[in-house]
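Enquirer: For reference, the sequence and a predicted model appear below.
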Amino acid sequence: MPCIRWPTGFICPRCSCEHSYQLTTRDVYECSQCHKQTSVTADTVFHGSRIPLAKWFWAIYFLGSDKGSISALRLSKLIEVNWRTARLILSKLRTAMGHRDSLYRLSGLIEIDDAFVGGKEKR
């Protein structure tokens, strides 16, 4: 079954087999050759999380849309989780963003839509 993770269909991470079946009771795919069970969220920032994906996506939205950054307390109120959960989500997302920044470097002409130039004049 094609999806974003496997656009050409399932590929087993252990043996590279292309045949699997879905275990609907656990929402995982099982390789028909080596029987390794893999979920769509395995080896992603969402791996092992009990937080619904919708809350993760809202957290990503709020983190990306805030000009500075968002606090764990504010995020906890916005997505209705406790403070520790919000802090863990933010930590995982910021780590993933840091890894992304180390992989991709900007080059060529770069344009931005906001700028702060100057400040208070010294007297």
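Expert: Thanks, I have it.

Enquirer: tell me the contacts of the residue nearest the centre of the chain?
Expert: Against the mean C-alpha coordinate of the chain, by Cα atoms, centre = their mean, the closest residue is residue 45 at 4.9 Å. By Cβ atoms under 8 Å, 6 or more residues apart in numbering, residue 45 lies in contact with 56, 92, 93, 96. For the C-beta atoms, the positions are set from N, CA and C on the backbone; glycine is no exception.

Enquirer: Give me the neighbour count for the residue nearest to the first one when sequence neighbours are not counted.
Expert: Right, the one you point to is residue 56. Excluding its sequence neighbours, the residue lying closest to residue 56 (Cβ to Cβ, 6 or more residues apart in numbering) is residue 46, at 5.8 Å. Neighbour count for residue 46, taken as other Cβ atoms under 10 Å: 16.

Enquirer: isn't residue 46 right next to residue 57, touching?
Expert: No - using Cβ atoms under 8 Å, residue 46 is not in contact with residue 57, being 9.7 Å away.

Enquirer: Using PDB, list the CA coordinates for the helix or strand hosting residue 93.
Expert: Using DSSP states H and E, residue 93 sits in helix 83-103. The C-alpha trace of helix 83-103 is given here as PDB (Å, rounded to 0.1, in the frame of the first residue of the first chain):
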ATOM      1  CA  TRP A  83       3.600  20.400  30.800                       C
ATOM      2  CA  ARG A  84       6.000  17.500  30.900                       C
ATOM      3  CA  THR A  85       4.500  16.000  27.700                       C
ATOM      4  CA  ALA A  86       4.700  19.400  26.000                       C
ATOM      5  CA  ARG A  87       8.300  19.800  27.000                       C
ATOM      6  CA  LEU A  88       9.200  16.300  25.600                       C
ATOM      7  CA  ILE A  89       7.400  17.100  22.400                       C
ATOM      8  CA  LEU A  90       9.200  20.400  22.000                       C
ATOM      9  CA  SER A  91      12.500  18.800  22.800                       C
ATOM     10  CA  LYS A  92      12.000  16.100  20.200                       C
ATOM     11  CA  LEU A  93      10.900  18.600  17.600                       C
ATOM     12  CA  ARG A  94      13.800  21.000  18.300                       C
ATOM     13  CA  THR A  95      16.300  18.100  18.100                       C
ATOM     14  CA  ALA A  96      14.800  17.000  14.800                       C
ATOM     15  CA  MET A  97      15.000  20.600  13.500                       C
ATOM     16  CA  GLY A  98      18.600  20.800  14.500                       C
ATOM     17  CA  HIS A  99      19.400  17.600  12.700                       C
ATOM     18  CA  ARG A 100      17.700  18.900   9.600                       C
ATOM     19  CA  ASP A 101      19.700  22.100   9.800                       C
ATOM     20  CA  SER A 102      22.900  20.200   9.800                       C
ATOM     21  CA  LEU A 103      21.900  18.200   6.700                       C
END
